[in-house]
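Trainee: predicted coordinates and the sequence they were generated for:
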Amino acid sequence: MPLLPYLEANRLEAGCDEVGRGCLAGPVVAAAVILPNIYENPWINDSKKLSKTQREELVEEIKNASIAWALGEASVAEIDQINILNASFLAMKRAVLALQTQPEHLLIDGNRWNSDLELPFTCVIKGDGKFTSIAAASILAKVHRDQFMENLAQEFPHYGWESNAGYPTKVHREGIIKHGKTPWHRNSFRLLPEQLKLDL
């Protein structure tokens, strides 16, 4: 089933999504994308349903086809200070503010949105599987963040970030046990299961 091109025709809608909320390390990254109402691409879908190669191949297509696109992020320090939910909102707000064209309406992936932006919005649960613009945002955000974590893995090679992007995999947690945490780990997160004792 193809994704929907818009919620309301003839309106500049920015699809917004973020990635990295469930990670133990690294920033949370968001993207905002405004696509033309007439744009269609059957390959664009929820980034989690696409392969790494498919996502990477779609990045330039999305950027070239969009009216405007932008990325935003919230740092590990901000995540620890204001919590991951608010940091996700902050990253999406920064992405929206970075758009070179002002949208008239926001399509937010998820069931909650909170910001001081004076823009009307609609929250869409599992929106990256429903609207093309949200799916496009999820692809841009994921590819950007994955590449960022791959680069970090060269400096911190013990955690498998080149393949797990900072998510809590067995390799990642074994790396924490053996080598401790890095400046990129989120101190406000439980880095290890409670039964594993580690002096962090």
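Mentor: On my side now, so go ahead.
Trainee: for the rest of this, base every contact and every neighbour count on C-alpha atoms.
Mentor: Fine.
Trainee: and the gap between the spatially closest residue to residue 13 that is not a sequence neighbour and residue 88?
Mentor: Of all residues not flanking residue 13 in the chain, residue 105 sits nearest, at 4.8 Å (Cα to Cα, 6 or more residues apart in numbering). Residue 105 sits 19 Å away from residue 88, going by Cα to Cα, to the nearest Å.
Trainee: please apply the same query to residue 52.
Mentor: 23 Å.
Trainee: the more surrounded of these two?
Mentor: residue 88 (28 against 14; other Cα atoms under 10 Å).
Trainee: all strands in the chain, in order from the N-terminus.
Mentor: 13-19, 28-34, 68-74, 105-109, 121-124 (DSSP state E).
Trainee: so which of the ones you listed is the most surrounded?
Mentor: strand 28-34 (a mean of 32; mean count of other Cα atoms under 10 Å).
Trainee: who are the packing partners of it?
Mentor: On a contact count with 3 or more Cα pairs under 8 Å, 6 or more residues apart in numbering; DSSP states H and E, strand 28-34 meets strand 13-19, strand 68-74, helix 84-98, helix 132-155.
Trainee: so what are the sheet partners of it and their directions?
Mentor: strand 13-19 (antiparallel), strand 68-74 (antiparallel) (DSSP bridges).
Trainee: a markdown table please, covering those and showing mean pLDDT and distance to residue 56.
Mentor: Putting these into a markdown table (pLDDT from 0 to 100; distance: least, Cα to Cα, whole Å) gives the following:
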| stretch | mean pLDDT | distance to residue 56 |
| --- | --- | --- |
| strand 13-19 | 98 | 15 |
| strand 68-74 | 98 | 16 |
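Trainee: distance to residue 166 added to these, as JSON lines?
Mentor: Below are the strands paired with strand 28-34 laid out as JSON lines (distance: least, Cα to Cα, whole Å):
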{"stretch": "strand 13-19", "distance to residue 166": "11"}
{"stretch": "strand 68-74", "distance to residue 166": "15"}
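Trainee: how about low-confidence regions in this protein?
Mentor: 194-200 (pLDDT under 70).
Trainee: what about residue 103, how many neighbours?
Mentor: Residue 103, neighbours per other Cα under 10 Å, totals 21.
Trainee: then residue 149?
Mentor: 22.
Trainee: ditto for residue 64
Mentor: 12.
Trainee: list the contacts of the residue nearest to residue 29 when sequence neighbours are not counted.
Mentor: Once flanking residues are discounted, residue 29 sits nearest to residue 73: 4.3 Å by Cα to Cα, 6+ apart. For residue 73, the contacting residues are 27, 28, 29, 30, 88, 90, 91, 92, 94, 95, by Cα atoms under 8 Å, 6 or more residues apart in numbering.
Trainee: over to residue 192?
Mentor: residue 173.
Trainee: tell me the bridge partners for residue 124.
Mentor: Here residue 124, judged by DSSP bridges, has bridge partners residue 109.
Trainee: about what we covered before: for residue 41, find the nearest of the helices and strands packed on strand 28-34.
Mentor: helix 132-155 (8.2 Å; Cα to Cα).
Trainee: now do the closest one: distance to the chain's middle.
Mentor: Mean-position distance between helix 132-155 and its chain equals 7 Å (Cα atoms, centre = their mean, to the nearest Å).
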